[in-house]
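Visitor: Here is a sequence together with a model predicted from it:
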Amino acid sequence: MNRFLIQVLVILVMAAVLRGEEIRLTLPEAVARARSHSVDAAAALAELQGAYWEYRSYRADLLPEISFTATVPSYRRQYSPYMNDAGDYSFVRNNYLDVSGELSLSQNIWLTGGKVSLSTSLDFMRQFGSGAYNRFMSIPVALTLSQPVFGTNHIRWNRRIEPVRYEEAKAAYLSATEEVAMKSVSLFFSLLMARENHSIALSNLSNAEKLYRVAVEKREMGHISRNDLLQMELNLLDARSALTDSESALRSGMFELRAFLDYGEHDEIVPVLPDSVPDVDVSYAEAYDKAMSRNKFASSMRRRQLEADYAVASAKGAMREISLFAQVGFTGNAADFAGAYRTSGLRDNSVVEVGVSVPILDWGKRRGRVKVAESNRRLTEASLRREAMEFGQDLYVLVERCRNQRRQVEIGSRARDIALARYDSNVQTYLIGKISTLDLNDSRVSKDEALRQYIDRLYLYWYYTYQLRSVTLWDFVKDSGIDADFESVVRQ
């Protein structure tokens with residue numbers, strides 16, 4: 001007996017686990033969970049993190065860099081070619097060990113595009129064989145400057161482009177989170193519509209069964225024709241078919257929302273119909289002002305214009321190339337370590353190089369590159385003007401949809417109440433034989449359609465609302481910007 005009770009208990013526990021839990025979910029809760037648990041949100045975060053570290057790399061290029069390079073060691077035991085004073089070659093035997101190291105501090109100069117570095121180095125060589133000896137060569141300090149002349153200052157252009165690129169990435173991340181909200185709204189209302197259709201199907205089936213029983217009784221008493229009875233039976237079959245379809249749609253909608261929000265496969269989500277919509281009136285001028293100051297499109301326009309200008313500047317800079325390399329410092333050479341750094345033995349160590357690359361005859365190749373870059377810039381400017389115009393047009397349409405949809409929700413709510421009251425009244429009227437089957441069916445169809453239209457209008461309202469948030473990055477309900485602590489976000 002005890003074993004039987006244990007088995008029953010285990011079966012009940014397993015059934016409860018497999019069934020999962022019922023989760024009543026409001027629309028704000030669905031949106032919040034989608035932003036933190038959905039795969040789309042994770043993908044948006046990954047893109048932001050990549051852009052963040054690219055920006056950090058750019059910032060690091062503007063800061064001093066300390067580096068250490070060394071060869072520890074290089075050992076050679078080989079024959080090497082040797083030319084004597086007469087110009088004759090022979091091969092001599094080499095057997096030596098070489099160790100070298102350099103410590104440098106370098107800094108890019110964004111104003112000129114050059115690079116300056118301060119370094120110190122030490123070389124040690126050990127010659128093996130019958131005449132073995134040691135040699136040390138030191139450069140206690142050396143100041144080096146590498147500077148392009150008349151060329152493109154890539155560092156200065158990066159200082160103009162990279163911050164705009166990162167602002168674009170941040171705005172793109174915020175827009176992506178709002179697009180995740182839009183998708184969660186679609187799936188939420190899809191499940192809500194499926195549950196409503198299922199509820200309508202259950203109610204219609206219950207009413208169809210009751211009305212069919214009444215019709216059978218009336219037919220037996222001769223109060224209705226056989227055609228009316230057959231019509232009621234056909235209504236009953238249609239109601240059973242509609243219930244089967246609604247159950248399938250409900251399972252599909254449940255699966256999609258559950259997977260998107262990362263719930264358990266046995267959890268049952270019960271979406272709660274939003275009972276109100278915020279009273280917000282947004283003007284096109286206000287929305288356009290917010291979008292052009294916060295949307296990624298505005299940053300993208302600035303970045304693409306800067307990149308087009310940079311391409312032209314690079315092409316012009318390549319017309320002639322002059323580079324300057326200069327190094328000043330001291331060097332010492334001795335057989336011991338201390339002697340290599342002895343002040344009395346230090347000598348000047350200076351290098352000055354000026355490199356020039358000027359085309360004499362290139363058949364217009366470099367000038368052609370400049371013309372291509374200028375043509376591409378004009379094309380970019382024309383594309384930006386067209387895209388700005390289309391962006392404004394799309395935003396205008398979206399604002400009008402948002403303003404109109406609130407009125408549609410109010411109309412749909414009133415139409416739903418009227419259709420429900422009319423159907424309830426017609427059911428009672430039909431039972432006492434005051435209206436026909438056709439009139440009853442018409443009121444039922446109107447009632448079902450009014451319920452569906454109300455949910456669909458609610459869905460469109462919230463979808464347009466989050467779409468407007470995505471475009472403007474502004475919460476018009478709270479009248480505040482949509483922002484994030486990006487430093488903490490990228491470290492998740």
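Guide: In hand now; what should we look at?
Visitor: could you pull out the helices for the stretch 51-200 of the chain?
Guide: In the stretch 51-200 of the chain, the segments counted as helices under DSSP state H, counting those that start in this stretch are 154-221.
Visitor: One more: the stretch 301-450 of the chain?
Guide: Under DSSP H, counting those that start in this stretch, the stretch 301-450 of the chain gives helices at 337-340, 365-431, 437-472.
Visitor: Just send those back as CSV, with mean pLDDT and mean neighbour count too.
Guide: C-beta here means a position set from N, CA and C on the backbone, and glycine is covered the same way. As requested, the helices of the stretch 301-450 of the chain are exported to CSV (pLDDT from 0 to 100; neighbours: other C-beta atoms under 10 Å):
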stretch, mean pLDDT, mean neighbour count
helix 337-340, 84, 14
helix 365-431, 90, 15
helix 437-472, 87, 19
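Visitor: any chance of those in TSV, plus distance to Ser130?
Guide: Converted to TSV, the helices of the stretch 301-450 of the chain look like this (distance: least, C-beta to C-beta, whole Å):
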stretch	distance to Ser130
helix 337-340	24
helix 365-431	59
helix 437-472	82
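Visitor: Please name whichever of those is nearest to Ala172.
Guide: helix 437-472 (10.5 Å; C-beta to C-beta).
Visitor: Let me know the angle separating the closest one from helix 154-221.
Guide: With axes from the mean of the first three to the mean of the last three C-alpha atoms, to 10 degrees applied, the angle from helix 437-472 to helix 154-221 works out at 170 degrees.
Visitor: Does anything pack onto helix 437-472? Which helices or strands?
Guide: Here helix 437-472 touches helix 154-221, helix 226-260, helix 284-294, helix 365-431, going by 3 or more C-beta pairs under 8 Å, 6 or more residues apart in numbering; DSSP states H and E.
Visitor: Can you name the element that comes right after that helix?
Guide: Going down the chain from helix 437-472, the next helix or strand is strand 474-475, by DSSP states H and E.
Visitor: For stretch 257-265, buried residues please.
Guide: Using 16 or more other C-beta atoms under 10 Å as the test for burial, stretch 257-265 gives 257-258, 260-261, 263.
Visitor: May I have the distance across that stretch, first residue to last?
Guide: 11 Å (C-alpha to C-alpha, to the nearest Å).
Visitor: on that earlier part again, of all the helices of the stretch 301-450 of the chain, which one is nearest Ala291?
Guide: Per C-beta to C-beta, nearest to Ala291 of those: helix 437-472, 4.7 Å.
Visitor: Distance check, the nearest residue to Ser184 once chain neighbours are set aside against Arg195.
Guide: Residue nearest to Ser184 in three dimensions, not counting chain neighbours: Ala34, with 3.6 Å by C-beta to C-beta, 6 or more residues apart in numbering. Look at Ala34 and Arg195: by C-beta to C-beta, to the nearest Å, they are 19 Å apart.
Visitor: Out of the two, name the residue with the larger neighbour count.
Guide: Legend: neighbour count by other C-beta atoms under 10 Å for Ala34 and Arg195, higher for Ala34 (25 against 20).
Visitor: What are the neighbouring residues in contact with that one?
Guide: 40-41, 180-181, 183-184, 260-261 (C-beta atoms under 8 Å, 6 or more residues apart in numbering).
Visitor: Now render the helices and strands packed on helix 437-472 as a markdown table, adding distance to Tyr96.
Guide: A markdown table is the format used below for the helices and strands packed on helix 437-472 (distance: least, C-beta to C-beta, whole Å):
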| stretch | distance to Tyr96 |
| --- | --- |
| helix 154-221 | 41 |
| helix 226-260 | 69 |
| helix 284-294 | 66 |
| helix 365-431 | 47 |
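Visitor: could the buried residues of stretch 257-265 go into TSV alongside distance to Ala335 and pLDDT?
Guide: As requested, the buried residues of stretch 257-265 are arranged in TSV below (distance: C-beta to C-beta, whole Å; pLDDT from 0 to 100):
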residue	distance to Ala335	pLDDT
Leu257	81	93
Arg258	80	92
Phe260	76	93
Leu261	76	92
Tyr263	78	91
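Visitor: farthest-separated two in those residues?
Guide: The farthest-apart pair in the buried residues of stretch 257-265, when distances are taken by C-beta to C-beta, is Phe260 and Tyr263, at 9.0 Å.
Visitor: so which of the helices and strands packed on helix 437-472 gets nearest Val312?
Guide: Comparing these by C-beta to C-beta, helix 365-431 comes nearest, at 4.4 Å.
Visitor: Just read off the phi/psi values of Gly433.
Guide: When read as degrees, to the nearest 10, the backbone of Gly433 gives phi 80, psi 20.
Visitor: That one touches His223, doesn't it?
Guide: Yes: under the criterion of C-beta atoms under 8 Å, Gly433 is in contact with His223, at a separation of 6.8 Å.
Visitor: Can you work out which residues contact both of those two?
Guide: Contact criterion C-beta under 8 Å, 6+ apart; residues shared by Gly433 and His223: none found.
Visitor: Show the model's pLDDT score for Ile6.
Guide: On pLDDT, Ile6 comes in at 50.
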